[in-house]
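[1] no letters, just coordinates:
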């Protein structure tokens, strides 16, 4: 492991708004201490909870937190070295409505419960898992949507932004077969939206790389719970 990674892990451990859940805590007989208690975690006080899943450096977590100070944002990723960047920047900016969580995504329902009342999920450029055999690992697969539903509000929404046509088509099919309401679909974010729109103005490291390669960026927003 590189020296920089070790330094970042040490810094993460010292930052009060970074939570690193261990397997022992998650898989033990007792509920995780923060489960159903995230409203009390933020210094800014309680507010609607929004998660950025696979957040990387937390570009959307930070951007949304600046725009919506009345809401509380948590960037979730399994890589501590990725989280470090956003966590440090949020401290430097003094954003009281930001937190970061390091966890394996398939265990997310062990950290959040129904009393946490999550109202939005942002998935900017998640791993598309393009091989059919790994489709169950896609963050819009039905098994993950079921996990999100276990702690989400009835009107919760999911935002997906991706360059990957396979992932987008897969997600749209899941939305259709599960009877979910597709609220918006944009086939080319950088062609159809104004430059100051958040979907264009906020770009992740991967998005900038994809744009340089000439790839098309797609977006959809759908309700998490069935409409029938």
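    Structure's in. What do you need? Small disclaimer: the values here were computed from a predicted structure and weren't measured. Numbering: from 1, shown residues only.
[2] let me see the residues that make contact with the lowest-mean-pLDDT helix or strand in the chain.
    Across the helices and strands of the chain, mean pLDDT, DSSP states H and E gives its lowest value to helix 3-14, namely a mean of 74. Here helix 3-14 makes contact (CB atoms under 8 Å, 6 or more residues apart in numbering) with 18, 20, 80-81, 83-84, 87-88, 100, 102. C-betas here are computed from N, CA, C, even on glycine.
[3] do that again at 7 Å, thanks
    18, 20, 80-81, 83-84, 87-88 (CB atoms under 7 Å, 6 or more residues apart in numbering).
[4] ok, the residues you listed vs residue 227, which is closest?
    The closest of the contacts of helix 3-14 to residue 227 turns out to be residue 83 (CB to CB; 34.4 Å).
[5] surely that closest one touches residue 103?
    No - look at residue 83 against residue 103 with CB atoms under 7 Å: they stay out of range, at 10.2 Å.
[6] who's more crowded, the two?
    More neighbours surround residue 83 than the other of residue 83 and residue 103, with 28 against 20 (other CB atoms under 10 Å).
[7] can I assume that one sits in a helix?
    Yes - judged by DSSP: H, G, I helix; E, B strand; the rest coil, residue 83 forms part of a helix.
[8] list the contacts of it.
    So residue 83 contacts 12, 18, 58, 75, 77, 100, 102 (CB under 7 Å, 6+ apart).
[9] could you pull out the strands for the chain?
    18-20, 49-53, 72-77, 98-102, 118-124, 152-162, 182-186, 218-223 (DSSP state E).
[10] is it possible to get TSV of these that adds mean pLDDT and mean neighbour count?
    Shown next, in TSV, are the strands of the chain (pLDDT from 0 to 100; neighbours: other CB atoms under 10 Å):
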stretch	mean pLDDT	mean neighbour count
strand 18-20	91	19
strand 49-53	97	25
strand 72-77	96	27
strand 98-102	95	25
strand 118-124	97	22
strand 152-162	97	20
strand 182-186	97	14
strand 218-223	98	20
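[11] save these as CSV, and put in distance to residue 64 too.
    Shown next, in CSV, are the strands of the chain (distance: least, CB to CB, whole Å):
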stretch, distance to residue 64
strand 18-20, 18
strand 49-53, 6
strand 72-77, 6
strand 98-102, 9
strand 118-124, 7
strand 152-162, 10
strand 182-186, 17
strand 218-223, 14
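[12] looking at the ones you listed, which is closest to residue 169?
    Per CB to CB, nearest to residue 169 of those: strand 218-223, 9.5 Å.
[13] pull the residues that contact the closest one.
    157-162, 168, 171-172, 175, 180-187, 189, 199.
[14] and that strand, how far out from the chain middle?
    14 Å (CA atoms, centre = their mean, to the nearest Å).
[15] now do stretch 43-63
    8 Å.
[16] mind listing what's buried in it?
    For stretch 43-63, the neighbour count (16 or more other CB atoms under 10 Å) marks 47, 49-63 as buried.
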